[in-house]
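Participant: Sequence plus predicted model, see below.
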Number of protein chains: 4
Amino acid sequence: MAVKTAEQYYESLRKTRPTAYVLGEKVANIHDHPLIKGQVAGVAQTYALAHDPEGEKLLVADSKLAGEKVNRFVRLYESPEDLIVKIKMLKFLSQRVGTCYMRCTGLDAINATALTTFDVDKKYGTPYHTRFLDWLNFIQKNDFVVWSGVTDVKGDRSKRPSEQADPDMYLRIIERRKDGVVVRGAKAHQSGSLCSHWGLIIPSREMRAADKDYAVCFAVPTDAKGVIHVYGRGTLEERALEGVDLGNVNYSKFAPLVIFDDVFIPDEHIFLCGEHEFAGQMVRAFGSYHRHSHGGCKCGVGDILIGAAATIADYNGVPDATHIGMKLTEMIKTVQTMYGCCLAASIEATRHESGIYQVDTVLANTSKLYEGKEYDETIRLLVDIAGGFVADLPSEKDLRNPEIGKLVDKYLKGRPGVSTEDRMRMFRLIEKLAFETRDIVSNIHGGGSPEAHRMTLLRDTDLEPKKKLAKRLAGIKEDK
Amino acid sequence: MAVKTAEQYYESLRKTRPTAYVLGEKVANIHDHPLIKGQVAGVAQTYALAHDPEGEKLLVADSKLAGEKVNRFVRLYESPEDLIVKIKMLKFLSQRVGTCYMRCTGLDAINATALTTFDVDKKYGTPYHTRFLDWLNFIQKNDFVVWSGVTDVKGDRSKRPSEQADPDMYLRIIERRKDGVVVRGAKAHQSGSLCSHWGLIIPSREMRAADKDYAVCFAVPTDAKGVIHVYGRGTLEERALEGVDLGNVNYSKFAPLVIFDDVFIPDEHIFLCGEHEFAGQMVRAFGSYHRHSHGGCKCGVGDILIGAAATIADYNGVPDATHIGMKLTEMIKTVQTMYGCCLAASIEATRHESGIYQVDTVLANTSKLYEGKEYDETIRLLVDIAGGFVADLPSEKDLRNPEIGKLVDKYLKGRPGVSTEDRMRMFRLIEKLAFETRDIVSNIHGGGSPEAHRMTLLRDTDLEPKKKLAKRLAGIKEDK
Amino acid sequence: MAVKTAEQYYESLRKTRPTAYVLGEKVANIHDHPLIKGQVAGVAQTYALAHDPEGEKLLVADSKLAGEKVNRFVRLYESPEDLIVKIKMLKFLSQRVGTCYMRCTGLDAINATALTTFDVDKKYGTPYHTRFLDWLNFIQKNDFVVWSGVTDVKGDRSKRPSEQADPDMYLRIIERRKDGVVVRGAKAHQSGSLCSHWGLIIPSREMRAADKDYAVCFAVPTDAKGVIHVYGRGTLEERALEGVDLGNVNYSKFAPLVIFDDVFIPDEHIFLCGEHEFAGQMVRAFGSYHRHSHGGCKCGVGDILIGAAATIADYNGVPDATHIGMKLTEMIKTVQTMYGCCLAASIEATRHESGIYQVDTVLANTSKLYEGKEYDETIRLLVDIAGGFVADLPSEKDLRNPEIGKLVDKYLKGRPGVSTEDRMRMFRLIEKLAFETRDIVSNIHGGGSPEAHRMTLLRDTDLEPKKKLAKRLAGIKEDK
Amino acid sequence: MAVKTAEQYYESLRKTRPTAYVLGEKVANIHDHPLIKGQVAGVAQTYALAHDPEGEKLLVADSKLAGEKVNRFVRLYESPEDLIVKIKMLKFLSQRVGTCYMRCTGLDAINATALTTFDVDKKYGTPYHTRFLDWLNFIQKNDFVVWSGVTDVKGDRSKRPSEQADPDMYLRIIERRKDGVVVRGAKAHQSGSLCSHWGLIIPSREMRAADKDYAVCFAVPTDAKGVIHVYGRGTLEERALEGVDLGNVNYSKFAPLVIFDDVFIPDEHIFLCGEHEFAGQMVRAFGSYHRHSHGGCKCGVGDILIGAAATIADYNGVPDATHIGMKLTEMIKTVQTMYGCCLAASIEATRHESGIYQVDTVLANTSKLYEGKEYDETIRLLVDIAGGFVADLPSEKDLRNPEIGKLVDKYLKGRPGVSTEDRMRMFRLIEKLAFETRDIVSNIHGGGSPEAHRMTLLRDTDLEPKKKLAKRLAGIKEDK
C-alpha cells in the first residue's frame, strides 16, 4: 500500500546512510542525533496523520499516475480544489507540529518539474516529462520523502552563474558522460534534507545561453556518493543537546548546506540538461507554489502564536486586558490575510497544458509578503504580550534543584490555578516560536527573498488595462 | 422583463418625487441637480452594463423567487459562488464607474433581512419572512434601486438608544396603529438615497428589552411623506456646480442625512417590530455582507488608483523609476489583499437555515480593516507618485483663457507626446480619487468603523482551540 | 521701526499690483479675493503676534545686519539656539493659524542664499554675498514678506534642464544685458506668493555645465512686469466663495503657478548667474532648512489635529473610550517625533564659514519623512475618531433654513451640553484639516518629495565608520 | 582616585562572593563562568574607556558631591547638558560593546532615588535624602557598579501587591527591627547583576496605603546574605560554552532572577520605608530616565546594525543594490528618531527642586516606543539584507575540519577579496544582534512594556490647551 505509516517511514529512513557533519564532526546514526531527530519526528507526522480520521481527509487522495491512493505530498495538483486542500493540509499539520515538516518543498518542486518538463519536451522532443513521471510513480508507490534543492550558494551576488570567479557557486554539470552527468556545487538552507530519501534538484534562477551548464534538474538519493550534508547552526542548540527547556517538546527544525562534491547522475534521473531558457520557468513555478505553501504552513503556526499569546496572557492573570485583545486582533488579522490570499490564489488558479494547475502568482506572492514583514510583527506582539521572561527564564534544571527549586517555583508562579511548570513551559514555547532562527528566518527568506516577491508581484500585474480604465474615467481618449 | 435598461431606470426614477434639500434650499427636479446627477449616472451603469455582453455574466442571474432572470443587486445569495460573483461584479462596476453606485447597500440589507426574518418567524411565528419575500418579489419584478438605512445619528455615543436625552437619536416607533406604525428618527450617510425607489431600514446596533421600540425593520418608498433628504456637503462641489475640472468626468457620489419626520409604515412593509433580540443579528449580518462588498468595490477603485498612478508616472516622464515600481507594488499588494480575503470569505461561506449563504466574518472583516488603514496609504502613495499638482493645479478655465492659455499649456506640459490637457485631466482624476470626502471617508467608516471591524474579528475567532494546540506542543496537559 | 504691525503689513501689501488670474479670470484687487484673503490674514498674524507679549519672545530678535530688532522671518540663523527658536516660533504660529503663513519659505531661502553666495564669492571673487546682504538689509528694514521660488515645472522629469524639448521647463536666463538679465520659466506650488512683497528665486536642483543658464538666483518684486500668478485650485473653494462652512474660520492657503514671462532682473538683485556647481548646494541648503521648518510648523498643526480629535470625541460623548486614547497616543507620538527630531537637528547644527548655522541634515530629513508618511496616518486617525460626518455633513445653511433648520439642529446634536452649531463647526474644521489639498499635499511634497528626503538621509550618512564598528565587534581585522 | 581602571574593576569585583546558580548548579567563581564573563568584559569597558582620550570627555565629570572627578555612571544629572552627554556616552559605549554594559540602570535609579527622597524628606522630615547622598558619595569614591532592582515578579498581574495570593510576589518588608528591616521577594530580568558591587532596589509600581510594606527603597551589596542570583537562559548559550561562533567575540549579556530570601537591610541603607505615595514617583522617574537611556544605548547598537547590514551587503557583492539602499535608509531613519527624540527630551528637561534635571517624559517615551516596535523592524531589515545564512550557517568548527573544511571555505565564500572566515564572522554577529533574546527582548520590555510607554505618553500630554486651539480656529467660543 502506497500510504505508509510513521513506523514504516522510520524503518525506510534508517536504511539510508547519508554523509553528514554536525558541528565539525562526521556523524554516523544521524537520524538519532539530538539536533536532527526533532525534525524527523515532525516529518513522521505527515505519515502518522495520514492514518488519522481527520488528517486522512486532507493528506490522502487518489493519484491518476499511481492508480491508487497516495500521500498528497507526492501528488500532482490536478484541480484548484487540490490547491485549496494543500493549504488546509499544511495548516492542519503546522497546527500539530508547530515547525517545519519539510515535505512541501518536494511537493512544490515535483509540480514545477512536471509542468516545465512538459513544455521542454514539447519544444525539443526531449524525454524529460515521461522520465519524470516514471520517477514520480516510483516515489508515490514508496511514499518517499523528497527534498527540493533550489537555493545555490551564489558567491558574488552581483554576478551571473557563468561570471563567478569560482564557477561552482551555482550547481552545474562539470562532465557529460554517455549514461549521465557529473554535477558539482552546493545548495544552501536545505530544510530537513536528512529526513528524506530523495532530493529533487532544480535551478535557482533564470539562465542565459552562457549559463547552460547550470540549467540542470535531476533526482538524487539523499545518501548518494558525493552528497555531503553539513549541519547549519541555529539558536537554542544547548536545549536539544541537554534535552531540557525545549519549548516545542517533540519537534524541531534544521537546515544543512548540501554539497555536491562531483556527484554522478544517471540519465533516467535527469529532467533538464542545458535547455537554459526553461530554468527560469521552473524556478518561478516552484517559487509561486512554495510561497503559496508557506501561506498554509505559516498560518497553522500562526494559530500556535495566537494560542500561545492567549494562554500566556491567561497564565499572567490578564486574559481580558483591552490592549491584549487589540494585539491578538492584529495577530489574527495578519494570519488570516496570509490564509485568505492563498485560498484566493487557489480559486484563481489556471490550468497548464500538462493538466497541472498553477496558482495565481500575484495573490500567492501577496500572501508571502505578509509572511516576510507583518508576520514578524505578529511574533513581536507575542513577545510583547508574554513579557520579559521570554528573554531570561531560569532553567527547568533550576526548578529541579534541591536548594533553590522551591524558591524558583514560588517566584515564577503566575495566576492561581496554573502550575509554575506549565507557565515555564509556555514561556519556553514562546521563546522557541520567536527566536529559533531556522523557523523565523524562513518567514523572510523561505521561497525567495521579499525582493523576489515584490518583483514577481509587479512583473505579473498587467498595468495597461488599469491605465486604460483610469484614462476613460478622466475623459482621456485612448492613446493611438 | 425584470432586468431593466438604463433608460427605463431614468424613466422610473423621474416618477419619484422625494423631498430634498441642498445647501439650504428645497430642490424640485432633484435628479438633475449638478450635485446629484453624477451618482444617478453611476447607478444607471448597474442597468446599462446588465445588457453588456461582459457585464451580463456578472450582473444577471436566475432568481428562484421571481422565477426569471433578475439583476443581482436585488437577488439572494444562494451559494458560495454567488458571493464570489458579487465580488467580481462589484469590482467590474467600480473599474468602470470609479466611485459609488450604491446598490450593494440594498443588496446586503435584503439578504440580512431575509435570513433574520426567517429566524424571527421560527421563534415567534411572525409573518415577517413571507411578507419580506413578497416585497422582494415586487422589487425584483420592477428591478428597483433599494437603499439601506442603517446608521442612526446616535447623539451621545456613550448612551444606548433608550438612554438618550432625546429619544429620537435612534430611529424608533413612536406610535402603533392597527394597520401599521409611525416612525421617527434620522439615518446618516445615506449614500445615493435620491437615486433609489425604495429604502430598506434596519436597526444600527444590538438592542435590549428597554430599546424594543428601536428594534424595527421596514421598507419605505424614497419619496414617502415625511421622508426628508438633506444633502451632505463634500469637497470639490465647486467643480460640479461649474461643470469643469471634474476629475471623474461622468460619475460622482453624495450622501444625505435622511430624516423620518413621523412616517407611517403599513404592516405589509414591516419586517421587525419590537423583537429586540434580533436587532443585533440583523445588523451584524448586514455588516459582514457589506464589509465583504467593500472588498469587491474598493479593489475595483483600487485598479483605478493603480492605473492613475502608472499613467501619471508615464506622463511625468518617469514610468520606470525604481521607487515608483516599489510604490506601485505596495499599492497592488494592498488591493490584492482586500480582494483575496473577500474571495476567501466567499469560499468559506456557510449556509443559513433559510438557504441564504453567509460570508466568513473573520475574513470579511480582515479585508475591511485593510480598507480602513492600508488602503489610505495606497491613496497617499498615489499622491506621492503624482507630485504637487494634485494640490494646486490651475483650472481648465485658465487653459482656455485667451491671455494666459498658451502659457498654461506650455508650462503644465509633461513628457513629449502627451497633451497638457490630458495631463491636467489625469491630475484632476487623482485629486478626485484622493480628496473627495464622500469616497474616501467611506473607506474608513463605510460598513461600520474600524473599531467595529476589530471587535468582530476578535469576537468571531475562537481562541480556545488555538490555546489547546499551543499547550499540546509545549507538553502541558489539558486543563481539567 | 523694523518690526511692522499687521495694519502696516496690509497697507504696504495693497501698494503692490501683481498680475493675477483666478479660475480663468484676471483679478484686480487680488488681496481681497475670497480665495486669497484667508492666507493674507494668516501672514498678517506673523506681524500681529510680533507685538503680542508671548509671540514677541519668539518672533523678534536683534539682527547684526540691521543693527536693530527685526522679525525673525527675515533674519539669519546665527546660532543653534536660533534654529531651536525657529522651530518653537513656527509651532507657536501654526497653533494659532492652523494652516500656512508662508514666511518660512523666504526665511529658509534667505539663509541658503546667504551662505552659498559666501562660498561663490570665495571661489570666484564675485560680489554676490555683499549684494545679497544689502538687499536683505533693505528687506529687514521694511519687514517685507519674501516668497521663495524654488520648484520648477520640470516638464519631462527624466530629462535634465538643458535636455528638455522645451528649454523653458526650468527657469533660465534667456538674455544677458549689460545691467542685468532677462529670465523665463515658471515656478510651481508657490504657497501664498500673492501675500508677499518680494520673491527670492533659487535653482530647484543641482546643475551641470550644460545647464549653466539655469544656475540663477535673484530677488524680484512680486508685482514685477512679466510675473504672472495663476491660482491653483484646491478642494474646498465653494465654502470660501459662499463664505460659509469654512472650517478654519479665518485662515486658508493657496499656491499659484508663477510664470516668469521674460522678466528683467537688474544686476543688484542677481545672486548667482551661471556658477552651476553652486546650484546644488543652494537648493540642498534650502531643502534641509525647509524640511526643518516643516517640523516646527506641522507639529503646531499637529496640536490642532490632536485637539480637534479630543474635542470631537468629547462632543460625540466618548472622550474616554480606550481605543480613542490609543489613537490619540499614536497621533501624539508622530507629532512629537517630528518636533523632537527638529530640535535635535538644531542642537547638532554646524557653523558655516559665513557664520550661518546649518541644521543636521540627517535629523531634519528624518523628521520630514514622518511628515510625509506617518503624519498622514495621524490625519486618518483624526477622521477615524471623528466619524462619518467628516464626509457629508449638511451645511450651516440647512441649519439656518426655516423649514428644516430645527430638524437639522435636533438630529446633528451630540452629547448634552454641546450645541449642534459648535459640533458642526468642529466637523468642518476636521474636514478642512484632513481634506484641503494645499495643506495636505504639502505634508508629502513640501520641501521636496519623500524620495528626495530618503536620498538625502542615505547620502548624508557615512556608513564607513559604522562598518568598522561592526567588523571590530565580529573580530574582523580592518580591511587594508 | 575615584575614576577606576578596568583592572581595578576586575580586582574589586573578584572580592565579592555572590550566591549564584547557573543551569541548576551553584557556581563559585561566577565572574569567570563562560555565560557570565562576556558581560563583565562589557562593564569593564565603562572603566577602560574612561581613560581613553575620546571616552574620557564623555565618561568623566566633576561631581559636586564627591568634590572630584567621577565616572558619570555614578553621578547626578545636574543640567540638561548632562542629559545630552549621557545619551552621547551611552551611544559611544554601545558602538564599542554592541550589547549591554548595564551601568545605566544604576545611574537612572540613583537619580530617581535622589530626587524622590528629597520630596519625601520635605513632606515627612525623614533623613532619606542625606542618607542617600552619603551612600552615593561612598559609591562615587569607590567607582562601584550599581545595578537597579526594579521589576518584581508580579504573580497574578491583575492583582495589586497586597492582593496577591502569595504576598511575596512584590518585594516587601517582612520584619521591622530597631536597626533595619528584613525584606523578601524577587526582582526579575536583572541585567548583569553579577557584574556589580551594589544593588539599589526601588518599587516597581505606584502603591496604595494597603501596599505600604511594598513601598521600600534600599541599597544592598550584591553578595549580601540571602541575595540569590539565578541565571536566566538565553538563546545562544552553546556558543559561549564552546567558545566558538560567538558573533560578538568579546561581549555578551545575561539577566538573572534575583531572589531576596529574607535579607537584612540596616537603616543607613534604607531610602524609603512605607511612604507609599512616593513609590509611584520613584518608579516613574526611574522609568523616564531609563527610557531616555535606552535611546542612547540602542542607537549605538543601531549603528552596529546598520554597519553590519552595509558590510554583509558588501560581502555578498551587492553594496549598491537600490532596494538595499532603501532598507538602510529605513534603518537609519528609525535609529536617528530614537536618538533625536532623546536629545530633544534632554533640551526640554526641567529642574527638580533637588537640583536634579528630569527629562521631558513625552519625548523620552516617544523614543522608547520606536525601540519597542520600529527598531524590531530595523532588525528584520538587517536579516532581510543579510540573507538566509543568518538561520543556518555551518560552524567555524566545520571550517576547521580537515575533511570538509576546504569545501566549506569554498562554498561559503562571498565576493572576491573577502575571506570566507570574515564573511562567516559577520553572519555570526548578525545572528547575535538579531536573535540573542536578552538583547532583543529588552528592546520591547526594557524600561517597562510598550503599554507603559503609551500610557505615560498620553497621561503626560495635556490635551486641554490643544482642544482650546482647535476650538478657537473653528470659531467656537470657549466653554464656560
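Facilitator: Everything's here; your move.
Participant: List the strands paired with the lengthiest strand in chain A, with their directions.
Facilitator: Longest strand in chain A, counting residues (DSSP state E): strand A:257-266. Applying DSSP bridges, strand A:257-266 is found paired with strand A:180-187 (antiparallel), strand A:227-230 (antiparallel).
Participant: And the strands in the stretch 51-200 of chain A, which stretches?
Facilitator: All strands of the stretch 51-200 of chain A, identified by DSSP state E, counting those that start in this stretch, fall at A:60-63, A:68-71, A:146-149, A:172-177, A:180-187, A:198-201.
Participant: Redo those as TSV? Include mean neighbour count.
Facilitator: C-beta coordinates here come from the backbone N, C-alpha and C atoms, glycine included. Written out in TSV, the entries for the strands of the stretch 51-200 of chain A read as follows (neighbours: other Cβ atoms under 10 Å in any protein chain shown):
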stretch	mean neighbour count
strand A:60-63	18
strand A:68-71	20
strand A:146-149	26
strand A:172-177	16
strand A:180-187	22
strand A:198-201	26
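Participant: need those in CSV with distance to C:Asp462 and mean pLDDT, can you?
Facilitator: Formatted as CSV, the entries for those read as follows, by distance: least, Cβ to Cβ, whole Å; pLDDT from 0 to 100:
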stretch, distance to C:Asp462, mean pLDDT
strand A:60-63, 59, 96
strand A:68-71, 56, 96
strand A:146-149, 41, 97
strand A:172-177, 40, 98
strand A:180-187, 36, 98
strand A:198-201, 44, 98
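Participant: now those in CSV, with distance to D:Gly414?
Facilitator: Formatted as CSV, the strands of the stretch 51-200 of chain A follow (distance: least, Cβ to Cβ, whole Å):
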stretch, distance to D:Gly414
strand A:60-63, 43
strand A:68-71, 39
strand A:146-149, 20
strand A:172-177, 19
strand A:180-187, 14
strand A:198-201, 23
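Participant: count of neighbours near A:Glu330?
Facilitator: Residue crowding around A:Glu330 was assessed by other Cβ atoms under 10 Å in any protein chain shown; the count is 17.
Participant: ok, now A:Thr322?
Facilitator: Here the count is done by other Cβ under 10 Å, and A:Thr322 has 13 residues near it.
Participant: Local confidence estimate at the closest residue to it other than its chain neighbours?
Facilitator: Taking Cβ to Cβ, 6 or more residues apart in numbering or on different chains, and ignoring the residues beside it in sequence, A:Thr322 has C:Thr322 as its nearest neighbour in space, at 4.9 Å. pLDDT recorded at C:Thr322 is 95.
Participant: Tell me how far C:Thr322 lies from C:Arg415.
Facilitator: Distance check for C:Thr322 against C:Arg415: by Cβ to Cβ, to the nearest Å, it reads 18 Å.
Participant: just to revisit the earlier point, which one, of the strands of the stretch 51-200 of chain A, ends up nearest to D:Arg96?
Facilitator: In this view, the strands of the stretch 51-200 of chain A are compared for proximity to D:Arg96 by Cβ to Cβ, and strand A:180-187 is the closest at 36.3 Å.
Participant: That closest one versus strand A:172-177: what angle between them?
Facilitator: Angle between the axes of strand A:180-187 and strand A:172-177 is 170 degrees (criterion: axes from the mean of the first three to the mean of the last three Cα atoms, to 10 degrees).
Participant: what's next to strand A:180-187, contact-wise?
Facilitator: Among residues not part of strand A:180-187, those counted as contacts by Cβ atoms under 8 Å, 6 or more residues apart in numbering or on different chains are A:149-153, A:168-175, A:201, A:204, A:216, A:218, A:257-267, A:269-270, A:273, D:407, D:411.
Participant: Look up how far B:Ile312 lies from A:Lys477.
Facilitator: Relative to B:Ile312, and taking Cβ to Cβ, A:Lys477 is found at 17 Å.
Participant: thinking the residue nearest to A:Thr322 is in contact with A:Ala321, fair?
Facilitator: No. Here C:Thr322 does not reach A:Ala321: they are 10.1 Å apart, not a contact under Cβ atoms under 8 Å.
Participant: my read: A:Leu463 touches B:Thr329, true?
Facilitator: No. In this structure, A:Leu463 is not within contact of B:Thr329 by Cβ under 8 Å, at 11.2 Å.
Participant: Share the number of residues neighbouring the residue of the stretch 151-300 of chain A found nearest chain C, please.
Facilitator: When scored by Cβ to the nearest Cβ, the stretch 151-300 of chain A has A:Arg233 as its residue closest to chain C, at 15.6 Å. Neighbour count of A:Arg233, defined by other Cβ under 10 Å: 27.
Participant: Now it, what are its backbone angles?
Facilitator: As for A:Arg233, its main-chain torsions (degrees, to the nearest 10) stand at phi -70, psi 140.
Participant: How about the contacts made by it?
Facilitator: Residues near A:Arg233 by Cβ under 8 Å, 6+ apart: A:Leu23, D:Asp245, D:Asp392, D:Leu393, D:Pro394, D:Ser395.
Participant: Kindly report the residues of the stretch 151-300 of chain A close to chain D.
Facilitator: Taking Cβ under 8 Å from any Cβ of the partner chain as the test, the list of the stretch 151-300 of chain A residues beside chain D reads A:151, A:153-159, A:165-166, A:168-169, A:186, A:188-189, A:228, A:230-238, A:241, A:245, A:254-257, A:259, A:261.
Participant: related to what we said a few turns ago, out of the strands of the stretch 51-200 of chain A, nearest to A:Val362?
Facilitator: strand A:146-149 (22.9 Å).
Participant: Export only the CA atoms of that closest one, formatted as CSV.
Facilitator: Extracted C-alpha coordinates of strand A:146-149, given in CSV (Å, rounded to 0.1, in the frame of the first residue of the first chain):
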residue,chain,number,x,y,z
VAL,A,146,11.6,14.3,-1.3
TRP,A,147,13.6,17.5,-0.5
SER,A,148,14.0,20.1,-3.2
GLY,A,149,17.4,21.6,-3.7
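Participant: What lies in contact with that strand?
Facilitator: Contacts of strand A:146-149 (Cβ under 8 Å, 6+ apart): A:73-74, A:102-103, A:105-110, A:139, A:171, A:187, A:190-193, A:195-202, A:219, A:222, A:258, A:286.
Participant: ok, now with 7 Å
Facilitator: Among residues not part of strand A:146-149, those counted as contacts by Cβ atoms under 7 Å, 6 or more residues apart in numbering or on different chains are A:74, A:102, A:105-106, A:108-110, A:139, A:187, A:190, A:192-193, A:196, A:198-202, A:258.
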